[in-house]
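Student: Would you be able to build a 3D model of this:
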Amino acid sequence: MRSKQPLLKPQDLVVALKIAANRERNFTFNQLALELTMPISEIHAAFLRAEKSRLVSRSNGKMEFIGPALREFIEYGVKYAFPAVIGATERGVPTGVNAAPLSQYFVGSNEAPLVWPAHEGSVRGQSLLPLHPSVTQAVKVDSGLYELLALVDAIRAGAAREREMAISEIGKRL
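Tutor: Prediction:
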């Protein structure tokens, strides 16, 4: 029998972060699909890949994140597995050090802010391809997920000091 090597996809991390940001909730695949604006089949496949990678698990039917593994992957692997793709100046949703919780430490920077491209975005800045196209919608109703995704982007696209602070903040949340 020939098996395929499982590969993580960016949406797998988004699903794991959604579960981590809402640890008190007992999600169904349908709820995750609705809140992340992804097809339920994509959510199911993402959860299974993240589960194989030991970033999430199911305990008594409840989806849970595995804090130490998720933290380790974000700290050491995310910038290599999902490198930052920086694009043109666009209107969008602030991310990285330009979003909470890091924005308070990096006020007044001369660099253009990083944004996820979005027509309804409030800020004009350097575009950063989000981990999944649905995140600009998903973060509108989940500030915890927004913070985690912005911290991940600070690790993916930030300078050494920005990455260090983001890793520290991720550690507090996971």
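Student: Could I get the contacting residues of the residue nearest to the spatial centre of the chain?
Tutor: For the chain, the residue nearest the mean C-alpha position is residue 149 (3.3 Å; Cα atoms, centre = their mean). The contact partners of residue 149, taken as Cβ atoms under 8 Å, 6 or more residues apart in numbering, are 14, 17, 95, 130-131, 135, 139. Yep, even glycine has a C-beta here, placed from its N, CA and C like the rest.
Student: shaky segments in the protein?
Tutor: Within the chain, the ranges that satisfy pLDDT under 70 run 1, 108-110.
Student: what about the strands in it?
Tutor: 56-59, 62-65, 86-94, 114-117, 123-128 (DSSP state E).
Student: The first one pairs with which strands, and in what direction?
Tutor: Paired with strand 56-59 in the same sheet, following DSSP bridges, are strand 62-65 (antiparallel).
Student: How about the longest one?
Tutor: Note on strand 86-94: by DSSP bridges, its sheet partners are strand 114-117 (antiparallel), strand 123-128 (antiparallel).
Student: how about those, which one is nearest residue 73?
Tutor: Among the strands paired with strand 86-94, the nearest to residue 73 by Cβ to Cβ is strand 123-128 (19.4 Å).
Student: Alpha carbons of that closest one, as CSV, please.
Tutor: Provided in CSV are the C-alpha atoms of strand 123-128 (Å, rounded to 0.1, in the frame of the first residue of the first chain):
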residue,chain,number,x,y,z
VAL,A,123,-6.2,51.3,6.0
ARG,A,124,-4.0,51.8,2.9
GLY,A,125,-0.8,49.9,3.1
GLN,A,126,1.5,47.2,1.8
SER,A,127,-0.5,44.1,1.0
LEU,A,128,0.3,40.8,2.7
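Student: From the rest of the structure, what touches it?
Tutor: 84-96, 98, 111-117, 153, 156-157.
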